[in-house]
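Trainee: only geometry, no sequence info:
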Ligand SMILES: [Fe+2]
């Protein structure tokens, strides 16, 4: 797909949920086959893309072997990128495979010229819900202060807003207002992207888009107050980050 002049195109994949042992094609959730289909489609987008972000739940079981298979696919794209921990991930396993210096890494800031992607770690050990600890908020404030006149896109596993699903809202970001305070007071923050909810959701807060991505693994039913799986292919979100601070975005499904 063509992109406009001066646009930075970011691809967002999320919630791959691979396990240490690769899934069989006949598995209830053949996540390795879904990740393979996603990699193939990402390769078709790579020439028009500038960067990639994985918004967490790289693995389902926290294993390094799962992270390794996701990392191989992401690093093969030869795009600069960022990966964020989800509630299913173990930091040591992520660090082994997305170490600083790799094209796709756990680095806090991804410099995209007129834009910066600032990643946040909302994982809290042993919990499904997310939280931004004081150190993480301080790191965010420091990154925002260093961003200068760049537009900022925040990336975080747990969404900071209601996603219109009671069961998911109950396991969201438990101190979301701390993030929303920054969004409300800093006009250079042009949007927020998240994972965790396994379907695409879009809303606005303080005039800025707050978006979630569909999962590579399985999709959750949008608008459901109780846990429910929705049929649907793996998918990812693309975001065209425009020079004026606006975002064009859409979903690519692997039909
Ligand atoms: Fe997930």
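Mentor: Nice, thanks for sending it over. This structure is a prediction, so every number in the text was calculated from the model and none was measured.
Trainee: make it CA atoms for all contacts and neighbour counts henceforth
Mentor: Noted.
Trainee: what sits against the nearest residue to residue 30 once chain neighbours are set aside?
Mentor: Using CA to CA, 6 or more residues apart in numbering and skipping the chain neighbours, the partner closest in space to residue 30 is residue 23 (5.3 Å). Residue 23 is in contact with 29-33, counting by CA atoms under 8 Å, 6 or more residues apart in numbering.
Trainee: just the buried ones from those?
Mentor: 30-33 (16 or more other CA atoms under 10 Å).
Trainee: residue 246 reaches residue 190, doesn't it?
Mentor: Yes - assessed by CA atoms under 8 Å, residue 246 is found in contact with residue 190 at 6.9 Å.
Trainee: ok, the two, which is more surrounded?
Mentor: Just comparing residue 246 and residue 190: by other CA atoms under 10 Å the higher neighbour count belongs to residue 190, 23 against 15.
Trainee: I'd guessed that one sits against residue 210; true?
Mentor: No - using CA under 8 Å, residue 190 is not in contact with residue 210, being 9.2 Å away.
Trainee: which neighbours do these two have in common?
Mentor: Common contact partners of residue 190 and residue 210 (CA under 8 Å, 6+ apart): none.
Trainee: which of the contacts of residue 23 fall in helices?
Mentor: The helices, defined by DSSP state H, take in 31-33 from the contacts of residue 23.
Trainee: list just the nearest of the residues you listed to the ion.
Mentor: Among these, residue 31 lies closest to the ion (CA to the ion), at 12.0 Å.
Trainee: nearest residue to the closest one other than its sequence neighbours?
Mentor: Once flanking residues are discounted, residue 31 sits nearest to residue 217: 5.2 Å by CA to CA, 6+ apart.
Trainee: the one you found: which element?
Mentor: Assigned by DSSP states H and E, residue 217 falls within no helix or strand.
Trainee: who are the contact partners of it?
Mentor: Listed by CA under 8 Å, 6+ apart, the contact set of residue 217 reads 15-18, 29-31, 34-35, 234.
Trainee: closest one to residue 206 out of these, please.
Mentor: Closest to residue 206 out of the contacts of residue 217 is residue 15 (26.9 Å), distances taken as CA to CA.
Trainee: can I get the ones in helices among the contacts of residue 23 in JSON lines with pLDDT and distance to the ion?
Mentor: Listed next are the ones in helices among the contacts of residue 23 as JSON lines, based on pLDDT from 0 to 100; distance: CA to the ion, whole Å:
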{"residue": "31", "pLDDT": "96", "distance to the ion": "12"}
{"residue": "32", "pLDDT": "96", "distance to the ion": "15"}
{"residue": "33", "pLDDT": "96", "distance to the ion": "17"}
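Trainee: looking at those residues, which is nearest residue 186?
Mentor: Residue 186 lies nearest to residue 31 out of the ones in helices among the contacts of residue 23, by CA to CA, at 38.6 Å.
Trainee: how much space separates the closest one from residue 238?
Mentor: 21 Å (CA to CA, to the nearest Å).
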